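Colleague: My questions are about this predicted structure, shown below with the sequence.
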Amino acid sequence: MNIDSLSPHAPSSRRPVPSDPASATPVPAVELAGIQLTLASDAGEVNILRGIDLAVAPGETVGIVGPSGSGKTSLMLLIAGLEKPSAGSLRVAGQDLAGLSEDRLALFRRQEIGIVFQAFHLIPTMTALENVAVPLELAGRRDAFDVARIALDSVGLGHRLTHYPSQLSGGEQQRVALARAIVGKPKLLLADEPTGNLDLETGAVIVELIFDLAREHGSTLMLITHDPALAARCSRIVRLADGRIQEDRPSAQIGPAAGSKISILT
Ligand SMILES: Nc1ncnc2c1ncn2[C@@H]1O[C@H](COP(=O)(O)OP(=O)(O)OP(=O)(O)O)[C@@H](O)[C@H]1O
Ligand SMILES: [Mg+2]
C-alpha cells in the first residue's frame with residue numbers, strides 16, 4: 001500500500017468544512033447513497049454491500065457494529081477510497097470520491113482522513129517512529145519526528161521507537177497504527193477494531209485518545225467494534241447485517257471514565 005494513502009496532514013492545511021449556501025446546513029462528513037459492493041471470488045460474485053444509505057454529520061461519532069462478515073471493514077475501505085463501489089455514490093467532506101484520480105485521492109486521504117486498519121498496515125522496513133513520522137514528513141511537517149515521538153509516547157510506546165513492526169507485539173503494532181492515524185488530527189477518523197488486540201487497560205487508554213481527538217478537534221469518528229460498551233461511547237450506532245444497514249439509532253451514550261482524560265496531541 002502507498003504510505004501516502006495512510007498519512008494525516010499538517011494542521012495548517014486544514015480547511016473549513018464547506019456549507020451549502022442554500023440551506024446553511026453543513027455538508028455531511030460522509031454521505032453514501034445506494035452503495036453496493038460486489039467482488040469476484042473463486043466461488044463466484046459476492047454481494048458484500050447491498051444498498052447502503054448513510055449520512056454522517058461533521059463531528060458525529062458513529063459506532064459501526066454487526067456480525068463478522070457483515071461488511072463493516074468493506075464499508076470503511078470504501079469511505080477511505082481504498083475500494084471502489086460497484087454502484088451508488090460516495091462523498092467525503094462533500095467530495096465525490098469517484099471524480100478523483102488515484103493521485104488526487106491519495107492527497108485527499110492524506111489531508112482529510114486518519115485510518116486505523118483492522119490489519120495494521122505498518123511499513124515493515126520502517127521503525128515505529130518512522131511509520132508515524134514519514135507520512136507527516138510527506139505532508140510537509142518539519143517537526144514530523146518530534147510530533148511522532150510525542151504521539152508514540154502517548155500510546156505508551158516511547159520505549160519502542162526504533163523497533164520494526166516484526167519486533168513489536170500485535171497490540172504494540174496496533175498502537176503504532178493508532179498513533180499514525182491520529183497524529184495529524186484528521187477531520188475524519190476511521191478506526192476498525194482499534195482495541196481488538198489490546199489488554200483492557202491499554203485499550204481503555206487508546207479509547208480515550210480516540211474520543212479526546214474527536215472532541216478536541218471536532219473530528220468525525222467512525223468506529224468499528226464488536227464491543228458494545230465501546231460502541232455505546234459513540235453518539236450513534238449503525239448496525240450492519242449481511243451487507244445492509246439493519247439498525248441506525250442514537251446511542252445512550254456512556255461518558256468517559258472520570259479522570260481518564262489524556263491530552264498529548266499538542
Ligand atoms: N476481496 C474480497 N473478495 C471477495 N470477498 C470478500 C473480499 N473481502 C471481503 N470479502 C467478503 O465480504 C464479506 C464482508 O467482509 P468484511 O471484511 O467487510 O466483514 P466485517 O464485517 O469487517 O467482518 P469482521 O467483523 O470479521 O472483521 C465477508 O463475507 C468476506 O468474506
Ligand atoms: Mg472487519
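Modeller: Nice, thanks for sending it over. Every value quoted in this text rests on a predicted model; they were computed, and no experiment measured them. Residues are numbered from 1 along each chain as shown. Ligands and ions are numbered 1, 2, ... in the order given.
Colleague: residues in the stretch 51-200 of the chain within reach of ligand 1, list them.
Modeller: Proximity of the stretch 51-200 of the chain to ligand 1, by Cβ under 6 Å from any ligand atom, involves residues 66, 68, 69, 70, 71, 72, 73, 74, 118. Glycine gets a C-beta too; all of them are placed from N, C-alpha and C.
Colleague: what does this structure put close to ligand 2?
Modeller: 72, 73, 118 (Cβ under 5 Å from the ion).
Colleague: can you do 6 Å?
Modeller: 72, 73, 118, 192 (Cβ under 6 Å from the ion).
Colleague: Helix or strand: which one has the second one?
Modeller: Residue 73 is part of helix 72-79, with elements assigned from DSSP states H and E.
Colleague: With neighbour count as extra columns, can I get the residues of the chain next to ligand 2 in JSON lines?
Modeller: Below are the residues of the chain next to ligand 2 laid out as JSON lines (neighbours: other Cβ atoms under 10 Å):
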{"residue": "72", "neighbour count": "23"}
{"residue": "73", "neighbour count": "19"}
{"residue": "118", "neighbour count": "18"}
{"residue": "192", "neighbour count": "22"}
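Colleague: Give me the lowest-pLDDT entry from those.
Modeller: Minimum pLDDT for these is recorded at residue 118 (75).
Colleague: backbone phi and psi for that residue, please?
Modeller: The phi/psi pair for residue 118 (degrees, to the nearest 10) reads phi -60, psi -40.
Colleague: cool, residue 181 as well?
Modeller: According to degrees, to the nearest 10, residue 181 has phi -70, psi -30.
Colleague: so it touches residue 189, yeah?
Modeller: Yes - contact status for residue 181 versus residue 189: in contact at 6.4 Å, counting by Cβ atoms under 8 Å.
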